[in-house]
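Novice: Just a sequence and a predicted model for now, questions to come.
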Amino acid sequence: MQSVLITGCSSGFGLETAKLFLDRGWEVVATMRTPRAELLPASERLRVLPLDIADPDSIARAVAAAGPIDVLVNNAGFGAPVPIELTTAATAHALFQTNTMGTLAMTQAVLPHFRRRRAGVIINVTSTVTLKPLPLVGVYRASKAAVNAFTESLAAEVTPFGLRVHLVLPGRSPETRFGDNARPHLRGLDDPDYAPLIEGFVASVRNSTGPVTHAPDVAAAIWRAATDPSAPLHIPAGADAEIWMAEARC
């Protein structure tokens, strides 16, 4: 029986992915900062562990408690729609500490085990905002683009060891907690120049019309990355993500 460790399982993409892998017979280690086992179906194949990917000690404890795994899904992260001019050092640090350094630290924590076994899959979930410039997400975009960059290099490094590495790039999802998690970092709503831009951006994130990404789209893309040896390095997740990816390749 194969096993997967998924970060950020308290909601959204991570929660949906954990449910999918459980439904398909895998052993699942679902991690979240504040464990809530009731979010997932009861199963002897499920373990819910505490994990804060911004805390090295928490990472070490979670990886040790998880034991041997076959697949790591780095899904945890957060965004903040803030103009670059108004982005505080604390917000910039938090974005990179979680999205970039947390993903890197989790990857480094499991790689020695995968390399010794000459088997394992690492799946890093980033975003299609990395494919083209957008206002208000500059620092968030940079934190995710950094993950794209090191993941692409990582793939070249570990393929000779029999390991696989993939990037899953979701599009815009009105189902995520982007707005809730971003609220403490918002700046500019009282600024006459930036307020209309921020309000419009938040409304667009919550708008479910048109091509969007749903949580099952992301879970399906992660499943493909985990189980299909022929899957490409970059995998779009969602109808809008597929459009953005096609445009980026033009």
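Specialist: Cool, the structure landed. Numbers count the residues shown, from 1 in each chain.

Novice: what separates Ser11 from Ala18, distance-wise?
Specialist: Remark: distance between Ser11 and Ala18 (Cβ to Cβ, to the nearest Å) = 11 Å. In short, each C-beta sits where N, CA and C put it, glycine included.

Novice: surely Val139 meets Ala92?
Specialist: Yes. In this structure, Val139 is within contact of Ala92 by Cβ atoms under 8 Å, at 5.1 Å.

Novice: The two: who's more crowded?
Specialist: Just comparing Val139 and Ala92: by other Cβ atoms under 10 Å the higher neighbour count belongs to Val139, 23 against 19.

Novice: For my notes, confirm that one occurs in a helix.
Specialist: Yes. Residue state for Val139 (DSSP: H, G, I helix; E, B strand; the rest coil) corresponds to a helix.

Novice: contacting residues around it?
Specialist: 80, 82, 84, 87, 91-92, 95-96 (Cβ atoms under 8 Å, 6 or more residues apart in numbering).

Novice: how about a cut-off of 6 Å?
Specialist: 87, 92, 95 (Cβ atoms under 6 Å, 6 or more residues apart in numbering).

Novice: where does the first one land on pLDDT?
Specialist: The confidence metric pLDDT takes the value 95 at Thr87.

Novice: For Pro112, see how far away Val147 is.
Specialist: Val147 is 20 Å from Pro112, by Cβ to Cβ.

Novice: Pick out whichever of the two has more residues nearby.
Specialist: For Val147 versus Pro112, the count of surrounding residues by other Cβ under 10 Å is larger for Val147: 25 against 9.

Novice: Please give me every residue in contact with the residue most central in space within the chain.
Specialist: By Cα atoms, centre = their mean, the chain has its centre lying nearest to Asn75, at 2.8 Å. Contact partners of Asn75, counting by Cβ under 6 Å, 6+ apart, are 6-8, 13-14, 125.
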